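> Provided below are the primary sequence and the corresponding predicted coordinates.
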Amino acid sequence: MKNGQRRIDTTAARMRWLATWLAAALTALALGACSPPSDEVRIRSAISDMQAAMEAGKPGDFMQHVAGDFTGDGGAVDKQALHNLLRAQALGNARIGVTVVSMDIELLGDRATARVDVTLTGGNGRWMPERGSIQQIESGWRRENGHWLCYNAQWKQVL
């Protein structure tokens, strides 16, 4: 009977070890899921939201990520002018495509610089876009009340 009892004890010990390991793994996953996303992830998410907003023809949603004192294109564009520019693109194109080719984010405390290369397309919504360009965009971001907002941007067409 002692051999049978040992098998039961060994099996019980293995089950306790497995249950303990599983509980620890689940606790680690739960704690990881509760941690807030990093600043870089938040900025990438904001840029992704801006991309989706333009593709959906909703420049107002895009502007939620733009600071009130925004300046762009060497000071020639303020927040209202940017909004008007985006509205004109949404009205002039039945379909807008925004493809992020590359993105690099450099963080420095409550400030960040995002360098993004994008392919922009637009047209009447048929099979092929009628217009397109590749843009290099460098934007300045700052954290305000826990949210990252774009306060400056420079862009240039490279193709």
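Everything's here; your move. Numbering: from 1, shown residues only.

> so where's the protein shaky on pLDDT?
Counting by pLDDT under 70, the ranges of the chain that qualify are 1-34.

> strands along that one, start to end?
Along the chain, the stretches classed as strands by DSSP state E are 66-72, 77-78, 95-108, 111-123, 131-144, 147-157.

> turn the ones you listed into a markdown table, including distance to Val41.
(Each C-beta comes from the backbone N, C-alpha and C, glycine too.) Compiled in a markdown table, the strands of the chain are given as follows (distance: least, C-beta to C-beta, whole Å):
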| stretch | distance to Val41 |
| --- | --- |
| strand 66-72 | 19 |
| strand 77-78 | 28 |
| strand 95-108 | 9 |
| strand 111-123 | 12 |
| strand 131-144 | 13 |
| strand 147-157 | 10 |
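
> and these as CSV, adding distance to Asp39 and mean neighbour count?
Conversion of the strands of the chain to CSV gives the following (distance: least, C-beta to C-beta, whole Å; neighbours: other C-beta atoms under 10 Å):
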stretch, distance to Asp39, mean neighbour count
strand 66-72, 16, 17
strand 77-78, 26, 16
strand 95-108, 6, 14
strand 111-123, 7, 17
strand 131-144, 7, 16
strand 147-157, 7, 17
